[in-house]
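Student: Return atomic coordinates for the entry below.
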Amino acid sequence: MATASGVEKKLILAPQANQGTIAVASLATAQYLRRVTGTFNMTKETYQSNEMRDDRQIGDFRHGVRSIEGAISGELSPGTYKLLMAAILRKAAVAGVATEAAIDCTAASTGGATGTFTSATQAYLATGFKIGDIVRWTGWATTGVPNNAHNMMVTAVSATVLTVVTLDGVAIGAKAAGDSVTCTVTGKKIWIPQTAHTEDWFSIENAYTDVDLSEVFWDCKVNTMAVKLPASGMATIDFGIMGLNVTNFAAGNAPYFTAVLAAATGGVLASVNGVLLVQGAAVALLTSLDFDVAGGLTSEAVVGSNVKPDIFDGRVAVKGNMSVFFTDATFRGYFEDETEVSINAAFTTGSAANADFMAFSMPRVKVGGASKDDGEKGIIQTLPFVALFNTTGGPATGGTATDELATTISIQDSTL
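Tutor: A predicted model of the protein is given here:
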């Protein structure tokens, strides 16, 4: 008799058209999902009789309301978990903004990997460029060629000047105006919106291909997301899933989904490749960065049904931790003085100038502690933080022109 093996199991993610209906088997957007582990199970509340009996024994035990508990753990790679990220932030991914082609733009190196792009006609703020955006240029000639297809993080924005740092540490190619150039926020971005929040439901299949069995957990929503970015090692991501129902399929009918897109194949992110800014300053002292996003989902049972009727959204809360070598009073001061800071991080799949990347921006963060360890090593202080809604930010495009986005967190993915 065959026994199901983890390496033969396939995890399939399929968006539902709406709540209450499992995604159709031939859904064109169903996709194999990369994972380290993916565990989904149906649980039930149970009730044991408390009746006092002459025989001094338990007379009954019943099953009650059921629910779905799921967890997906993976290595963080661009494009892989886009649907789950959009679901917990409650917004579909939006294409990055871009300038019109212009010939009055001057590129200047300000030392190391930093530089500026100055233009009277590009209108960077009004177009919607934000601090933390990763941009790429096209159209530069001669000494400006290194700027083309080169990942750069925006560190400051004004109407006429875009200040950047390259993700690979290579210097900006200085060039006088005259080339017809365009700057684009690469890929797409998602963030927690102020209005028009989406509500995404999924069907998720565990397909045990070696034993011809499968389970489709449906009416599922994303409840938590945890990202860990160690100084050494692969970046990881974990999702917590809540669901309402499951349908099992046996030999001849498994797997349920019959038209499944291939899993994403991009490289995995590593913190050794990228840039991290805290309060606008590049930081090379962090030993780790992690953050959690919680969707605050709840569900309640009702009389007369063994399935809960709905999963209700709560507020989206973001918190995390930074671990940093204790070299001066800067980070300790963020805690002692209750200083609000920004965190902008971008990590790539390799060292190429245009390597695929993901970027995370939290424009308004408060540090909640600054404890230090000890030992025969460099002393590390750990700073837990909470990300808050950025009330001074503006919209992605149009409206009041500001250099930050009005949100708690935004995510940019170059492959979308």
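
Student: Ramachandran angles for residue 333?
Tutor: The phi/psi pair for residue 333 (degrees, to the nearest 10) reads phi -70, psi -30.

Student: What of residue 82?
Tutor: According to degrees, to the nearest 10, residue 82 has phi -60, psi -40.

Student: Show me the chain divided up by domain.
Tutor: Per automatic domain parsing, the structural domains of the chain span 6-45+65-94+192-413, 97-186.

Student: Can you tell me which helix or strand of the chain has the lowest average pLDDT?
Tutor: Every helix and strand of the chain was ranked by mean pLDDT, DSSP states H and E. The lowest is strand 281-282, at a mean of 82.

Student: Most tightly packed of the domains of the chain?
Tutor: domain 97-186 (a mean of 19; mean count of other C-beta atoms under 10 Å). In this view, the C-beta of every residue, glycine as well, is placed from N, C-alpha and C.

Student: Do me a favour and get the end-to-end distance for it?
Tutor: Using C-alpha to C-alpha, to the nearest Å, one end of domain 97-186 lies 8 Å from the other.

Student: can you list contacts of stretch 222-231?
Tutor: 76, 84-85, 87-88, 200, 202, 235-242, 269, 271-272, 286-297, 345, 347, 360 (C-beta atoms under 8 Å, 6 or more residues apart in numbering).

Student: can you map out the strands along the stretch 1-150 of the chain?
Tutor: 9-15, 31-32, 37-48, 61-75, 94-95, 106-111, 114-118, 134-138 (DSSP state E, counting those that start in this stretch).

Student: possible to save those strands as CSV with distance to residue 372?
Tutor: Listed next are the strands of the stretch 1-150 of the chain as CSV, based on distance: least, C-beta to C-beta, whole Å:
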stretch, distance to residue 372
strand 9-15, 41
strand 31-32, 45
strand 37-48, 34
strand 61-75, 30
strand 94-95, 41
strand 106-111, 32
strand 114-118, 31
strand 134-138, 33
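
Student: Can you tell me the closest non-neighbouring residue to residue 164?
Tutor: Of all residues not flanking residue 164 in the chain, residue 152 sits nearest, at 3.9 Å (C-beta to C-beta, 6 or more residues apart in numbering).

Student: Now residue 215. Nearest residue, chain neighbours left out?
Tutor: Per C-beta to C-beta, 6+ apart, closest to residue 215 is residue 206, 4.7 Å.

Student: mind listing what the one you found touches?
Tutor: 9, 10, 11, 38, 40, 214, 215, 217.

Student: Regarding it, which helix or strand does it belong to?
Tutor: strand 202-208 (DSSP states H and E).

Student: Take the contacts of stretch 222-231 and keep only those in helices.
Tutor: 84, 85, 87, 88 (DSSP state H).

Student: quick one: the last one from residue 98, how far?
Tutor: Between residue 88 and residue 98 the computed distance is 27 Å (C-beta to C-beta, to the nearest Å).

Student: Please apply the same query to the second one.
Tutor: Taking C-beta to C-beta as the measure, residue 85 falls 23 Å from residue 98.

Student: same question, the third one
Tutor: Residue 87 sits 27 Å away from residue 98, going by C-beta to C-beta.

Student: Ok, the first one next?
Tutor: As defined by C-beta to C-beta, residue 84 lies at a distance of 27 Å from residue 98.

Student: give the contact list for the residue nearest to residue 285 when sequence neighbours are not counted.
Tutor: Among residues not flanking residue 285 along the chain, residue 325 sits closest, at 4.5 Å (C-beta to C-beta, 6+ apart). Applying C-beta under 8 Å, 6+ apart to residue 325 gives the contacts 285, 287, 378, 379, 380, 381.

Student: Could you report the pLDDT at residue 325?
Tutor: Note on residue 325: pLDDT of 87.

Student: Repeat that for residue 288.
Tutor: pLDDT at residue 288 comes out at 85.
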